[in-house]
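Asker: okay, here's the prediction I keep looking at, along with the sequence it came from:
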Amino acid sequence: MERHVTTPITREMARTFRCGDSVYLSGVIYTARDAAHKRLCELAAQNKPLPLDLKDATIYYVGPTPAREGQAIGSAGPTTSYRMDAYSPTLIALGETGMIGKGKRGPEVIEAMKEHGAVYFGAIGGAGALLSGCVKKAEVIAYEDLGAEAIRRLEVENLPVVVVIDSEGNNLYEQGRRNYLAAREK
Amino acid sequence: MREVDAAQITGIVKRLCIETNCCLPGDVRERITACRACEDWAPAAEILDRIVENFEIAGRDQVPICQDTGLACVFLEIGQDVHVNGSLTEAIHEGVRQGYTEGYLRKSAVRDPLRRVNTGDNTPAMIYYDLVPGDQIKITVAPKGFGSENMSQIKMLKPSDGLEGVKEFILKVVEDAGPNPCPPIVVGVGIGGTFDKAALLAKKALMRPLEERNPDPYYQQLEEEMLQKINETGIGPQGFGGRTTALAVNIETMPTHIAGLPCAVNINCHVTRHKTEVL
């Protein structure tokens, strides 16, 4: 199914996505990768306020290249998601409902997605130049010292993603491969 | 003896860093396009179309193909009859520094593997020196992204594991990696040498043009067989299913010890970048 969706994604909305859906995302999303996730979880462990509101938030695992004059952002494709697995259950419990990355997720993340209602989207890995065009505005809102790994607030238009894992735990990496191999057998 | 100024090296490394991050090598572009033509699974074909569109945009607008502009791996073949005035090593680091800063490339290097503070200019370069006959210097810059680097493995197989052991290990590495290294991938394999030499062979295998097979028919056959086997796994582009899991399998070998069979598999994503210049 093809869907055009504007953020924020509520818990209820997150549960309506199905593995394999082709989604065009618009609205505000946030960037964070390894170092930023670590800091957010350290703050959460100490019950300190976070630099962004995670309620119904979508986080894009990306460390963009620097923007040239006149560009909102440089190359901006997804990074591999499993490195965030240690942190994602905490962020999901705090309100995160959407994750954009690429690659497999661990069982602890999938359990948290089922429990709270969250969705894992895949963007095309290595297509940073193409995806860059969907980012209309980018602003660093925290951890500027981390450079490419700083947390940015992005305004995106029709960012093409696919639902890889839905809130019921269905997984496109398993289903897509199975479907292809079954079709080839025929 | 021929004399070369270190500053010339800096200029070349800088230019290669910028060019190779924005413009995919011709052989990789051609192979992706050819695989797209053979891809009979519609969702996979659509992803390959977007991958082609991406490298076309990157080349046209001079935007990095991928945001992971990598650690800068720099390979030098230095003629024995050439002398560099100044520090060659520092000249290479300076080229990386200038290329990544002035070329709007991402700075992805941390100073220490555990304490993890970004160096801010993507130095140090990962430098590999080889001495060769002659008076020229051949410089190759091959930025290596870590989505695929992290999926690479090495195994010290036993001689009794033999050819079957090597085949099983290569397939295991590709299966373990699954969607993570951004398939379609290029698989670099190094067999023989020592623990470290096998890994270096695997890395160098990634720079061999994709249309070029191993000159030894034995290994040429193995490359072709492994490519076919990998493309029968059904992992497909991005891991969403399909025929095109790998673009090529390049195998490099060298002599080894009577007790050993080292085998390294270095994976690269579809953004397999490298560019060479001879000074």
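Answerer: Arrived safely, thanks for sending. Numbering: from 1, shown residues only, chains lettered A, B, ... in the order given.
Asker: phi first, then psi, for residue 123.
Answerer: Since you didn't name a chain, this refers to chain A. Backbone torsions for A:Ala123, taken as degrees, to the nearest 10, come to phi -110, psi 160.
Asker: my question was about chain B, not that one.
Answerer: Per-residue torsions, B:Thr123: phi -80, psi 160 (degrees, to the nearest 10).
Asker: now the longest helix along chain A: how far from the chain's centre is it?
Answerer: For chain A, the longest helix by residue count, based on DSSP state H, is helix A:172-185. In terms of C-alpha atoms, centre = their mean, to the nearest Å, the centre of helix A:172-185 is found 24 Å from the chain centre.
Asker: now that helix - C-alpha only, CSV.
Answerer: Taking Å, rounded to 0.1, in the frame of the first residue of the first chain, the C-alpha atoms of helix A:172-185 are listed here in CSV:
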residue,chain,number,x,y,z
LEU,A,172,10.0,-7.1,5.4
TYR,A,173,13.5,-8.6,5.4
GLU,A,174,12.0,-12.0,6.0
GLN,A,175,8.8,-11.6,4.0
GLY,A,176,10.3,-9.9,0.9
ARG,A,177,13.0,-12.6,0.6
ARG,A,178,10.5,-15.4,1.1
ASN,A,179,8.1,-14.0,-1.4
TYR,A,180,10.8,-13.6,-4.0
LEU,A,181,12.1,-17.1,-3.5
ALA,A,182,8.6,-18.5,-3.6
ALA,A,183,7.8,-16.7,-6.9
ARG,A,184,11.1,-17.9,-8.4
GLU,A,185,10.2,-21.5,-7.6
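Asker: I'd like to know which elements it is packed against.
Answerer: strand A:151-165 (3 or more C-beta pairs under 8 Å, 6 or more residues apart in numbering or on different chains; DSSP states H and E). Where you see a C-beta, it was placed from the backbone N, CA and C, and this is true even at glycine.
Asker: touching chain B at all, the strand it packs on?
Answerer: Yes - Strand A:151-165 is in contact with chain B by C-beta under 8 Å from any C-beta of the partner chain, via A:Pro160, A:Val162.
Asker: contacting residues around residue 83?
Answerer: With no chain named, the answer covers chain A. Residues in contact with A:Arg83 (C-beta atoms under 8 Å, 6 or more residues apart in numbering or on different chains) are A:Arg33, A:Asp34.
Asker: wait, chain B
Answerer: B:Met1, B:Arg2, B:Glu3, B:Val4.
Asker: the third one and B:Gly95, how far apart?
Answerer: This points to B:Glu3. For B:Glu3, the distance to B:Gly95 (C-beta to C-beta, to the nearest Å) stands at 19 Å.
Asker: centroid-nearest residue for the chain?
Answerer: Using chain A. For chain A, the residue nearest the mean C-alpha position is A:Ile100 (2.0 Å; C-alpha atoms, centre = their mean).
Asker: oops, chain B please
Answerer: For chain B, B:Leu206 is the residue whose C-alpha lies nearest the centre (C-alpha atoms, centre = their mean; 4.1 Å).
Asker: care to break chain B down by domain?
Answerer: Following automatic domain parsing, chain B resolves into domains at B:2-20+B:65-144, B:147-271.
Asker: give me the distance between the two termini of the longest one.
Answerer: Taking C-alpha to C-alpha, to the nearest Å, the span from the opening residue of domain B:147-271 to its closing residue is 11 Å.
Asker: distance from that domain to the middle of the chain?
Answerer: 12 Å.
Asker: any idea of the mean pLDDT in it?
Answerer: Averaged across domain B:147-271, the pLDDT comes to 97.
Asker: quick one: it near chain A?
Answerer: Yes - for domain B:147-271, a contact with chain A is found by C-beta under 8 Å from any C-beta, at B:147, B:150, B:178-182, B:233-236, B:238-243, B:269-271.
Asker: in strands, which of those residues fall?
Answerer: Judged by DSSP state E, strands contain none of the residues of domain B:147-271 next to chain A.
Asker: any of the residues you listed buried? List them.
Answerer: Neighbour-count burial (16 or more other C-beta atoms under 10 Å in any protein chain shown) applied to the residues of domain B:147-271 next to chain A gives B:147, B:178-182, B:233-236, B:238-243, B:269-271.
Asker: which residues of chain B fall in strands?
Answerer: Along chain B, counting by DSSP E, strands occupy B:2-5, B:71-79, B:82-85, B:126-132, B:137-144, B:153-157, B:185-193, B:246-256, B:261-268, B:275-278.
Asker: pull the CA atoms of the longest one into PDB?
Answerer: As requested, the backbone C-alpha atoms of strand B:246-256 are provided in PDB (Å, rounded to 0.1, in the frame of the first residue of the first chain):
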ATOM      1  CA  ALA B 246      26.000  -8.900  -5.200                       C
ATOM      2  CA  LEU B 247      27.500  -7.100  -8.100                       C
ATOM      3  CA  ALA B 248      30.800  -9.100  -8.100                       C
ATOM      4  CA  VAL B 249      33.000 -11.400  -6.100                       C
ATOM      5  CA  ASN B 250      36.700 -10.600  -6.400                       C
ATOM      6  CA  ILE B 251      39.100 -13.000  -5.000                       C
ATOM      7  CA  GLU B 252      42.800 -12.400  -4.400                       C
ATOM      8  CA  THR B 253      45.300 -15.000  -3.100                       C
ATOM      9  CA  MET B 254      48.900 -15.500  -1.900                       C
ATOM     10  CA  PRO B 255      51.000 -18.200  -0.600                       C
ATOM     11  CA  THR B 256      50.500 -19.300   3.100                       C
END
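Asker: let me know the angle separating that strand from strand B:261-268.
Answerer: 150 degrees (axes from the mean of the first three to the mean of the last three C-alpha atoms, to 10 degrees).
Asker: direction included, what does strand B:246-256 pair against?
Answerer: Strand B:246-256 has the following strand partners under DSSP bridges: strand B:185-193 (parallel).
Asker: and for the fourth one?
Answerer: In its sheet, strand B:126-132 lies beside strand B:71-79 (parallel), with partners assigned from DSSP bridges.
Asker: could you give the mean pLDDT of the strand it pairs with?
Answerer: 97.
Asker: in this structure B:Cys263 contacts B:Val166, no?
Answerer: Yes - with contacts counted by C-beta atoms under 8 Å, B:Cys263 reaches B:Val166, the gap being 5.4 Å.
Asker: need the residues touching each of the two.
Answerer: Residues touching both B:Cys263 and B:Val166 (C-beta under 8 Å, 6+ apart): B:Leu157, B:Val189, B:Ile191.
Asker: by neighbours, which of these wins?
Answerer: Highest neighbour count within the shared contacts of B:Cys263 and B:Val166: B:Val189, with 27 neighbours (other C-beta atoms under 10 Å in any protein chain shown).
Asker: now A:Tyr82: how far from B:Gly178?
Answerer: Distance, A:Tyr82 to B:Gly178, using C-beta to C-beta: 10 Å.
Asker: anything in contact with each of those two?
Answerer: With C-beta under 8 Å, 6+ apart as the test, A:Tyr82 and B:Gly178 both reach A:Gly103, A:Lys104.
Asker: once you drop chain neighbours, what's closest to B:Asp161?
Answerer: Of all residues not flanking B:Asp161 in the chain, B:Leu261 sits nearest, at 6.1 Å (C-beta to C-beta, 6 or more residues apart in numbering or on different chains).
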